[in-house]
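Colleague: when you get a sec, could you give me coordinates for this:
(chains A and B)
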Number of protein chains: 2
Amino acid sequence: MLSSPSDGPNRRLILGALAVLPTLPGLLGATTAQAQTAAPLVSWNDGPARQAILDFVHATTDRASPSFVPPEDRIATFDQDGTLWVEHPMYTQVVYCLERVPAVVEKKPELKNAEPFRTVLSGNREAMAKLTMPDLVKILAATLTGMTVEEFNADVKKWFETARHPRWKRPYTELVYQPMLEVLRYLRDNGYKTYIVTGGGQDFVRVYAEQVYGIPPEQVVGTMGGTKYGYAKDGKPFLTKEPKLLLNDDHGGKPEGIHLMIGRRPYAAFGNSIGDREMLEWTAAGSGARLEMLVLHDDAAREYAYGPAAGLPDSKLGTFTQALYDKAKKSGWTVISMKNDWKRIFPFE
Amino acid sequence: MLSSPSDGPNRRLILGALAVLPTLPGLLGATTAQAQTAAPLVSWNDGPARQAILDFVHATTDRASPSFVPPEDRIATFDQDGTLWVEHPMYTQVVYCLERVPAVVEKKPELKNAEPFRTVLSGNREAMAKLTMPDLVKILAATLTGMTVEEFNADVKKWFETARHPRWKRPYTELVYQPMLEVLRYLRDNGYKTYIVTGGGQDFVRVYAEQVYGIPPEQVVGTMGGTKYGYAKDGKPFLTKEPKLLLNDDHGGKPEGIHLMIGRRPYAAFGNSIGDREMLEWTAAGSGARLEMLVLHDDAAREYAYGPAAGLPDSKLGTFTQALYDKAKKSGWTVISMKNDWKRIFPFE
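Modeller: Below you'll find the model as predicted:
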């Protein structure tokens, strides 16, 4: 149910980070503030990235422009992890799944001594870091399926109330990038429909996307699991989340998910990793003015540095490889430097 | 890729109707006019059906009402075949698939003498009426998959330009129910997002839904097939329609499709057949004011009569059975009588 399960570096990124996870979530947190700005893109420094956004919006919304796009066709898609919010040290959804294990085992005591659940329950970070990909899939299946959609939504919502990021000690929903909130708003103010297109679970992201990003559930495209319609004893119908993968919304799955859920080609697409490459290609292959942007994580002081800017070989880079950087440069895609293009990173700063 | 492939009466309905199909489509047709009315629901007679719609909209949009629904939650879903447009003598998409067979065989000559293609090419209506369900599935797979999404869209669009309904000799896209166009518009004027939720192919319906119903592609939920991302020789990416069923959007698949594509429970749902029952149940199971309506085809003179009103046993009724009628009465769902509730049926009248 998560992005790039087969990516070696990705997996290392997830598992290697277990050591810094807090064992227990912190205190109750405030809700995340929405970007509310009069002037567009105020958290952006003047430069080619900010200018590319302004130029694109002008070219596609000015009726006199040869690249004018009718309002109904204005679609913009955004990857989430690493593009709209922090993805380090671990995808937030993976943290959720690991922390859900005790509750799952409580309902199914037979799992208590079965692997990989026993290892997760042990809290032994070194042992957890050695979990295999099939182990992780078992954990995802056990924690993301088997309940009604209402139960799942309530669980996720409750978890976010107390879960805290290990570095900032804040709710994960506060660790969104202020400059990207401004891009979402600026595009919407100019008639664009903004979509999340994420390798994360569609139902998971929907729980908070409206509050955090102003993006309603029907505009969240993610990795999709099947549901099953059934009836309770009192005759009331319900939908159960099934361990059936309909679409892995990553790499080629992103254009496929866009076609399935939207049915139109985006005019603008934002990502930060090799899993977003196909979405940006698909966007770029349309006619007229298009905008493709990649967030480069090159700011170890204010966030993290793990892109090519970190000076590491591809095998150590996680998801933004040198090959992706070269592809962007060759294709005329705009690379956003967090360090140079963003005045501030988070709304709370 | 179609609704209820396993329904006996449904299949009889489709195949038995082959006899009246025109062998060649007619002349170029005009585009379908949108309903444009100042007063709401002018093609409806005063009565419980019209009143139920007015009462529902008042209850959910008046801020003083205890059942007030915030605009972002206002979702209304509509079945298509038999609810928004004519489904007799055959689902329009099945007509399309059968008429596409010659073009498919031209590209794949090896199919010319293979069944079921040989039978379809023969034009022998009696032989075609004996085609089995696996035969039909082969025809659907051959005519709805294997091409890029752009090629498919262009083919469907072109077909609609010349295809004519055998009874009215008009484009299928004109055979929409004027009173339902008025409901769509009335709900949208009151902040509702209107969705099609159809057993028909999602990509097929998207081709004309915006023009005919004012419903954009992202608000068409249908039977979903997978696509596959790939590259042409020049490096340009494309999506190919695959013979892979992701969701059969009928019966329990309708609430499942609604959850997948919308992620919210509808406040209003409209249908006309046993395949819509679960969507109406799912809608009704929500709290507050909800509206569930079924179109009863009881007007042989102006359209068709094949519901319980036709006085036939369930086995001969096609999709609106006596059991569904009883369920509606018991559940407080509103049955729309085409004969009594609708002043006119089509926009061209």
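Colleague: and the residue nearest the centre of chain A, how far is that from A:Val156?
Modeller: Nearest to the geometric centre of chain A sits A:Gln80, at 2.4 Å (Cα atoms, centre = their mean). Going from A:Gln80 to A:Val156 by Cβ to Cβ, to the nearest Å gives 14 Å. Quick note: C-beta positions are derived from backbone N, CA and C, even for glycine.
Colleague: centre of the chain to stretch A:265-280, how far?
Modeller: 12 Å (Cα atoms, centre = their mean, to the nearest Å).
Colleague: pLDDT on that stretch, on average?
Modeller: Averaging pLDDT along stretch A:265-280 yields 97.
Colleague: returning to what we had before: how about the residue nearest to the centre of chain A, what does it touch?
Modeller: A:Ile196, A:Thr198, A:Gly200, A:Val205 (Cβ atoms under 8 Å, 6 or more residues apart in numbering or on different chains).
Colleague: which non-adjacent residue is nearest A:Gly271?
Modeller: Distances taken as Cβ to Cβ, 6 or more residues apart in numbering or on different chains place A:Asp79 nearest to A:Gly271, at 4.1 Å, with adjacent residues excluded.
Colleague: just to check, that neighbour is in contact with A:Val197?
Modeller: Yes - look at A:Asp79 against A:Val197 with Cβ atoms under 8 Å: they come within range, at 6.3 Å.
Colleague: shared neighbours of the two, anything?
Modeller: A:Lys254, A:Met279.
Colleague: residues of the stretch 201-349 of chain A that sit close to chain B?
Modeller: A:202-203, A:206, A:210, A:216-218, A:220, A:224, A:226-230, A:236-237, A:239, A:246-247, A:251-253, A:255-256, A:259-264, A:278, A:281-282, A:285 (Cβ under 8 Å from any Cβ of the partner chain).
Colleague: ok so A:Gly200 is a helix residue?
Modeller: No - assigned with DSSP: H, G, I helix; E, B strand; the rest coil, A:Gly200 falls outside any helix and is strand.
Colleague: low-confidence ranges in chain A?
Modeller: A:1-38, A:309-318 (pLDDT under 70).
Colleague: buried residues in stretch A:120-130?
Modeller: Going by neighbour count (16 or more other Cβ atoms under 10 Å in any protein chain shown), the buried part of stretch A:120-130 is A:Val120, A:Met128.
Colleague: give me the distance between the two termini of it.
Modeller: End-to-end distance of stretch A:120-130 (Cα to Cα, to the nearest Å): 11 Å.
Colleague: what of stretch A:243-261?
Modeller: End-to-end distance (Cα to Cα), stretch A:243-261: 20 Å.
Colleague: next one: that stretch to chain centre, how far?
Modeller: 14 Å.
Colleague: please identify the buried residues of that stretch?
Modeller: A:246-261.
Colleague: which one of those residues is nearest to B:Lys169?
Modeller: Distances from B:Lys169 to those, taken as Cβ to Cβ, are shortest for A:His259 (34.8 Å).
Colleague: double-check that closest one against B:Thr227; I have them as touching.
Modeller: Yes - assessed by Cβ under 8 Å, A:His259 is found in contact with B:Thr227 at 5.4 Å.
Colleague: anything in contact with each of those two?
Modeller: With Cβ under 8 Å, 6+ apart as the test, A:His259 and B:Thr227 both reach B:Val149, B:Leu239.
Colleague: and the strands in the stretch 101-250 of chain A, which stretches?
Modeller: A:193-201, A:220-231, A:237-247 (DSSP state E, counting those that start in this stretch).
Colleague: distance to A:Asp341 added to these, as TSV?
Modeller: Formatted as TSV, these follow (distance: least, Cβ to Cβ, whole Å):
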stretch	distance to A:Asp341
strand A:193-201	20
strand A:220-231	26
strand A:237-247	32
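Colleague: most packed of those?
Modeller: strand A:193-201 (a mean of 25; mean count of other Cβ atoms under 10 Å in any protein chain shown).
Colleague: residue contacts, A:Tyr186?
Modeller: A:Pro40, A:Leu41, A:Ile53, A:Val57.
Colleague: my guess is A:His88 contacts A:Ala300. True?
Modeller: No - counting by Cβ under 8 Å, A:His88 does not reach A:Ala300; the two are 10.6 Å apart.
Colleague: out of these two, which sits in the more crowded spot?
Modeller: A:His88 (20 against 13; other Cβ atoms under 10 Å in any protein chain shown).
Colleague: what ranges do the helices span in the stretch 201-349 of chain A?
Modeller: Secondary structure of the stretch 201-349 of chain A (DSSP state H, counting those that start in this stretch): helices at A:202-213, A:253-261, A:277-284, A:322-331, A:338-341.
Colleague: and the longest one, how far from the chain's centre?
Modeller: Between the mean C-alpha point of helix A:202-213 and the mean C-alpha point of its chain there is a distance of 10 Å (Cα atoms, centre = their mean).
Colleague: send me that helix as CSV with only the CA atoms.
Modeller: C-alpha atoms of helix A:202-213 as CSV (Å, rounded to 0.1, in the frame of the first residue of the first chain):
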residue,chain,number,x,y,z
GLN,A,202,-5.7,7.0,-0.7
ASP,A,203,-7.9,6.5,2.4
PHE,A,204,-5.1,7.5,4.8
VAL,A,205,-4.3,10.8,3.1
ARG,A,206,-8.0,11.6,2.7
VAL,A,207,-8.4,11.8,6.5
TYR,A,208,-6.5,15.0,6.8
ALA,A,209,-6.1,16.4,3.3
GLU,A,210,-9.0,18.8,3.4
GLN,A,211,-7.9,20.3,6.8
VAL,A,212,-4.2,20.4,6.0
TYR,A,213,-4.1,21.2,2.3
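Colleague: which secondary structure elements does that helix contact?
Modeller: For helix A:202-213, the elements it packs on are helix A:149-162, strand A:193-201, strand A:220-231, judged by 3 or more Cβ pairs under 8 Å, 6 or more residues apart in numbering or on different chains; DSSP states H and E.
Colleague: chain center to the longest one: distance?
Modeller: Pointing back at helix A:149-162 there. The answer for helix A:149-162 is 18 Å, by Cα atoms, centre = their mean.
Colleague: now the last one
Modeller: Taking Cα atoms, centre = their mean, one finds strand A:220-231 lying 18 Å from the centre of the chain it belongs to.
Colleague: which positions in the stretch 1-150 of chain A make contact with chain B?
Modeller: A:Glu72, A:Val149.
Colleague: hey, where'd the helices end up in the stretch 1-150 of chain A?
Modeller: Under DSSP H, counting those that start in this stretch, the stretch 1-150 of chain A gives helices at A:8-16, A:48-61, A:92-107, A:117-122, A:125-129, A:133-144, A:149-162.
Colleague: can you pull the buried residues of the third one?
Modeller: To tie it back to what came earlier, the one meant is helix A:92-107. A:Thr92, A:Gln93, A:Val94, A:Val95, A:Tyr96, A:Cys97, A:Leu98, A:Glu99, A:Arg100, A:Val101, A:Val104, A:Val105.
Colleague: picking up where we left off before, how about the contacts of A:Gln80, which pair is most distant?
Modeller: A:Ile196 and A:Gly200 (8.6 Å).
Colleague: so what sits against both of these two?
Modeller: With Cβ under 8 Å, 6+ apart, A:Ile196 and A:Gly200 have common neighbours A:Gln80, A:Gly222.
Colleague: follow-up on the earlier one: may I see the helices of the stretch 201-349 of chain A organised as CSV, with distance to B:Ser122 added?
Modeller: Output for these, formatted as CSV (distance: least, Cβ to Cβ, whole Å):
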stretch, distance to B:Ser122
helix A:202-213, 46
helix A:253-261, 36
helix A:277-284, 42
helix A:322-331, 51
helix A:338-341, 66
